[in-house]
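Asker: below: sequence and its predicted model.
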Amino acid sequence: MAISRAQLLKELLPGLNALFGLEYANYGEEHKEIFETETSERSFEEETKLSGFSAAPVKNEGSSIAYDNGQEAWTARYNHETIALGFSLTEEAIEDNLYDSLSARYTKALARGMAYTKQVKAAAVLNNGFNSAYPGGDGVELFSTAHPLVSGGTNSNEPATPADLSETSLEAAVIQIAAWTDERGLLIAAKPVKLIVPPSLMFVATRILETELRVGTADNDINALKSNGSIPGGYSVNHYLTDTDAWFLTTDVPNGLKHFVRTPLATSMDGDFDTGNVRYKARERYSFGFSDPLGIFGSPGA
């Protein structure tokens, strides 16, 4: 249904001081702190993880060289979604001088609605990351204590016991990440990059990462996390996380969390001959997901 004069009566009156409510501040593209963005030219994308080889054995003099077989571990799939939003103005509303003021304002509102949707969908990957109903390519959820390996072992990218954000839990996560292996059990020397927190934990994150001495102790110990540069990217707040005590660490493991752009954001308009209404729309197509779950560590909080 088109926006009519009845819905916009006050804007027709003289002396109106301001129109407001459509241009609230937004929090930008927070997904870029978590996801690697790539373009796509297909209706969906698939990424396959390879197992690599085992450790090289010693070759005794005169003996044959050992051969190993590489194989595919599993495949992650990204299904693109089309996101679209629009509005229209009646011919009468346009005639009564609402076109110039409202087209600009509602175009901004369209942009805000599209941007909000993108951030919600991006954060949903983390918000659903502890839910077994949302498995990845290896058959388990994003955050699991038992990501299966071709070698028969497992990797864990969440604490064995859920823990709130603290100096102790963050140090334990750094140590746990350093112990990750590839599909054949070889250490990959993974390291944390950035801490991702909801707004409720921003002050905790500041105290843990940016103070020179340890937090909450009378001892004159240095802050080892800061001194060692354990979290080189610092922290970032994501306003779309739904769990107020969950926290996450992105890592330097490649091909972790990804954002595929099939069609960039575009706007368009047209007029309807029969009604004289003018319609506006915004549309884009993309997907968010994860290929290698070791691209991130997460704790749901205690």
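Answerer: Structure received. Numbering: from 1, shown residues only.

Asker: mind listing the strands for the protein?
Answerer: Along the chain, the segments classed as strands by DSSP state E run 36-39, 44-50, 72-79, 81-89, 147-148, 154-155, 192-197, 235-237, 247-251, 257-271, 278-290, 296-299.

Asker: return the list of helices and strands in contact with the first one.
Answerer: Contact partners of strand 36-39 among helices and strands, from 3 or more Cβ pairs under 8 Å, 6 or more residues apart in numbering; DSSP states H and E: strand 257-271. Every C-beta, even on glycine, is put in place using the N, C-alpha and C of the backbone.

Asker: and the strand it packs on with strand 247-251, angle?
Answerer: 100 degrees (axes from the mean of the first three to the mean of the last three Cα atoms, to 10 degrees).

Asker: averaged pLDDT, strand 257-271. What do you get?
Answerer: For strand 257-271, the mean pLDDT works out to 90.

Asker: only the buried residues of that strand, if you could.
Answerer: Using 16 or more other Cβ atoms under 10 Å as the test for burial, strand 257-271 gives 257-260, 262, 265.

Asker: and stretch 67-86, by the same measure?
Answerer: Across stretch 67-86, burial judged by 16+ other Cβ under 10 Å covers 73-74, 76, 78, 80, 83, 85.

Asker: closest one to Thr242 out of the residues you listed, please.
Answerer: When those are ranked by distance to Thr242 (Cβ to Cβ), Ile83 comes first, at 19.6 Å.

Asker: distance of the closest one relative to Tyr106?
Answerer: Distance, Ile83 to Tyr106, by Cβ to Cβ, to the nearest Å: 17 Å.

Asker: ditto for Gly139
Answerer: Gly139 is 45 Å from Tyr106, by Cβ to Cβ.

Asker: now Gly86
Answerer: Noted for Gly86: a distance of 10 Å to Tyr106, by Cβ to Cβ.

Asker: and what of Ala73?
Answerer: Ala73 is 48 Å from Tyr106, where distance means Cβ to Cβ.

Asker: could you do Glu30 as well?
Answerer: Distance of Glu30 to Tyr106, computed by Cβ to Cβ: 24 Å.

Asker: the more surrounded of those two?
Answerer: The neighbour count for Glu30 versus Tyr106, taken as other Cβ atoms under 10 Å, is higher for Glu30 (20 against 17).

Asker: I'd assumed Asn238 was in contact with that one.
Answerer: Yes. Using Cβ atoms under 8 Å, Glu30 is in contact with Asn238, at 5.1 Å.

Asker: out of the strands of the chain, nearest to Trp180?
Answerer: Ranking these by proximity to Trp180 (Cβ to Cβ) places strand 154-155 first, at 5.3 Å.

Asker: mind listing what that closest one pairs with, with the direction of each?
Answerer: Partners of strand 154-155 in the sheet, by DSSP bridges, are strand 147-148 (antiparallel).

Asker: quick one: residues in contact with the partner strand.
Answerer: Identification of contacts with strand 147-148 by Cβ atoms under 8 Å, 6 or more residues apart in numbering yields 138-140, 154-157, 293-294.

Asker: 6 Å - rerun?
Answerer: Strand 147-148 is contacted from outside by 138, 154-155, 293, using Cβ atoms under 6 Å, 6 or more residues apart in numbering.

Asker: that's all I had, so thanks and see you.
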